[in-house]
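Asker: okay, sequence plus prediction incoming.
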Amino acid sequence: MNQFCKHAGIRGAVMVCCFLVFCFMPGRGEDRPAPTTNNSPTVIPATAQIGNVHVGVTTMEQLEVIFGRGRAFTGGHPHGAREWYSQKTGWYIYADGFEYNYVKERIVDSFAISAVRRKVGAFDDRDFKIHRTSVDEKHLMILGEIKIGMEQKKVIAVLASKGMKPIVTDNLITWAEKGCDHIRDATRNHDQLTFDTWNAKLTFRNQKLQEIDLDCH
């Protein structure tokens, strides 16, 4: 009898242990949160900034506070990109953002200013007109000086004064800067995200700046 009780007790203890292990195992297909420590300091390069906009930092919601509501068109998300017309300069402004931060706001990861209107993705059919913004010219410059219409040789001189080392061709000037902007930690549904590279592309026509394109990843 005592031996029977002893075996029954052992068997019961094993069953309890198996039950506890089963309860705390992650379900199939369920993402387990990964370690999310990021000790790198935040460094936003000068290339990221145009006026009050910081590519890789500013959210699409904040952008519409600065410029007003933009006309929606399809970018990274359906009707997720925005377009504006600058009344004071006659330039066109474009922005898009694909990734979300930790409070579920989309981060601006591409921003452009152009002397001519671009052909873009599908517009929101409920929004028929381009939206106008009254932002000043000084808020539409890169590195605080470079703006649409500037002569290419002046742009090169400004970049040299800022310590940039661009690649220069007949109609293009490009460069990249490294930085670190921690957007979000890893969660059950998303990987950890950090932007670490900012790219600039300046397009010229007849030796004058026609388009400014910034992006980060």
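Answerer: Cool, the structure landed. Note that this is a predicted model, so its numbers are computed, not measured. Numbers count the residues shown, from 1 in each chain.

Asker: ok, P166 to V103 distance?
Answerer: Using CB to CB, to the nearest Å, P166 is found at 35 Å from V103. Every C-beta, even on glycine, is put in place using the N, C-alpha and C of the backbone.

Asker: of the two, who's got more company?
Answerer: P166 (17 against 8; other CB atoms under 10 Å).

Asker: residues contacting the more buried one?
Answerer: 156, 159, 173-175, 200 (CB atoms under 8 Å, 6 or more residues apart in numbering).

Asker: and the residue nearest the centre of the chain, what's its pLDDT?
Answerer: Taking CA atoms, centre = their mean, the centroid of the chain lies closest to D109, which sits 2.5 Å from it. Looking at D109, its pLDDT stands at 95.

Asker: cool, and A34?
Answerer: pLDDT, read off for A34, is 34.

Asker: kindly report the same for H7.
Answerer: 47.

Asker: before we move on, what about D127?
Answerer: Per-residue confidence (pLDDT) for D127: 54.

Asker: which stretches in this structure count as strands?
Answerer: In the chain, the segments counted as strands under DSSP state E are 49-50, 53-54, 71-73, 81-86, 92-96, 110-114, 131-133, 167-168, 172-184, 193-205, 208-216.

Asker: now distance to E64 too, for the ones you listed, in TSV please.
Answerer: Output for the strands of the chain, formatted as TSV (distance: least, CB to CB, whole Å):
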stretch	distance to E64
strand 49-50	16
strand 53-54	11
strand 71-73	10
strand 81-86	7
strand 92-96	9
strand 110-114	13
strand 131-133	9
strand 167-168	33
strand 172-184	19
strand 193-205	21
strand 208-216	18
